[in-house]
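Visitor: only geometry, no sequence info:
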């Protein structure tokens, strides 16, 4: 089945230790999104790719970077995680920007 | 902020009853979407309604859109325990920015 896969499902890191979260998709969608979601809050868009074009949200901290080496894969790098970065990180794809999004199961990040 | 507001924040009903959730937003839109999120999981797309549509049905779901009031409602009929989840509305503005803005969400609990 076509899907969006996120690894790992749970990630524990230490304060200041770089961490990478991964997302892959078999839907062959052009658009990929990374969201941060904290407890009982709405998903907050960090950035998105339209094919190889990278779009950063104005309020996304510089601590967050992303890579999309090909259509199928997208990575979220947190260079120096702080306690406030503990959250669920959601990856999503879309065939057409602004239309239906297909979400992965998320990676829950814990920062010690 | 462009973020939508959902009302109520939390709703508990008996199984078999109907559940209604409301969403208000601030800008002109191309479409409005509803998503469901089970605890600790990714979001699942439920239904998309375009700005020129007023009502849409999918199974037990009925969505209405009133662009003059910048509001939408989601009705779930004959609720089931499995409907227990958080429900988010999301809008694509007509500014052409290719992304969705999520509302604050409604936490729905179905009591068996």
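Guide: In hand now; what should we look at? Given the structure is predicted, the values throughout are model-derived calculations rather than measurements.

Visitor: So which elements touch the lowest-mean-pLDDT helix or strand in chain A?
Guide: None of the helices or strands of chain A scores lower by mean pLDDT, DSSP states H and E than strand A:53-56, at a mean of 90. Secondary-structure packing of strand A:53-56 (3 or more CB pairs under 8 Å, 6 or more residues apart in numbering or on different chains; DSSP states H and E): strand A:44-50. Every residue, glycine included, has its C-beta placed from N, CA and C.

Visitor: can you pull the buried residues of the least confident helix or strand of chain A?
Guide: residue A:55 (16 or more other CB atoms under 10 Å in any protein chain shown).

Visitor: can you map out the strands along chain A?
Guide: Ranges of strands in chain A, per DSSP state E, are A:4-7, A:10-13, A:19-25, A:31-37, A:44-50, A:53-56, A:64-67, A:73-78, A:87-94, A:102-103, A:107-111.

Visitor: got it, and chain B?
Guide: Using DSSP E, strands in chain B cover B:5-7, B:10-14, B:19-24, B:29-37, B:43-50, B:55-58, B:61-66, B:71-76, B:85-93, B:100-102, B:106-111.

Visitor: would you list these in TSV and tack on mean neighbour count?
Guide: Listed next are these as TSV, based on neighbours: other CB atoms under 10 Å in any protein chain shown:
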stretch	mean neighbour count
strand B:5-7	18
strand B:10-14	13
strand B:19-24	20
strand B:29-37	22
strand B:43-50	18
strand B:55-58	12
strand B:61-66	17
strand B:71-76	20
strand B:85-93	24
strand B:100-102	24
strand B:106-111	18
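
Visitor: Could you dump those into CSV and include mean pLDDT and distance to chain A?
Guide: Below are the strands of chain B laid out as CSV (pLDDT from 0 to 100; distance: least, CB to the nearest CB, whole Å):
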stretch, mean pLDDT, distance to chain A
strand B:5-7, 87, 9
strand B:10-14, 96, 10
strand B:19-24, 96, 11
strand B:29-37, 95, 6
strand B:43-50, 97, 4
strand B:55-58, 97, 12
strand B:61-66, 98, 14
strand B:71-76, 98, 15
strand B:85-93, 94, 4
strand B:100-102, 91, 4
strand B:106-111, 96, 8
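
Visitor: contacting residues around residue A:77?
Guide: Going by CB atoms under 8 Å, 6 or more residues apart in numbering or on different chains, residue A:77 touches A:18-20, A:64-67.

Visitor: Next one: it from chain B, what distance?
Guide: According to CB to the nearest CB, to the nearest Å, residue A:77 stands 20 Å off from chain B.

Visitor: mind listing what residue A:104 touches?
Guide: When contacts are counted by CB under 8 Å, 6+ apart, residue A:104 touches A:3-6, A:23, A:90-92, B:42.

Visitor: and which of those is nearest to residue B:67?
Guide: The closest of these to residue B:67 turns out to be residue A:92 (CB to CB; 25.2 Å).

Visitor: sorry, back to before: which of the contacts of residue A:104 count as buried?
Guide: A:4, A:6, A:23, A:90-92, B:42.

Visitor: mind putting those residues in JSON lines, pLDDT and distance to residue B:92 included?
Guide: As requested, the buried ones among the contacts of residue A:104 are arranged in JSON lines below (pLDDT from 0 to 100; distance: CB to CB, whole Å):
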{"residue": "A:4", "pLDDT": "97", "distance to residue B:92": "19"}
{"residue": "A:6", "pLDDT": "96", "distance to residue B:92": "23"}
{"residue": "A:23", "pLDDT": "97", "distance to residue B:92": "21"}
{"residue": "A:90", "pLDDT": "97", "distance to residue B:92": "17"}
{"residue": "A:91", "pLDDT": "97", "distance to residue B:92": "19"}
{"residue": "A:92", "pLDDT": "97", "distance to residue B:92": "13"}
{"residue": "B:42", "pLDDT": "92", "distance to residue B:92": "19"}
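
Visitor: This completes my enquiry, with thanks.
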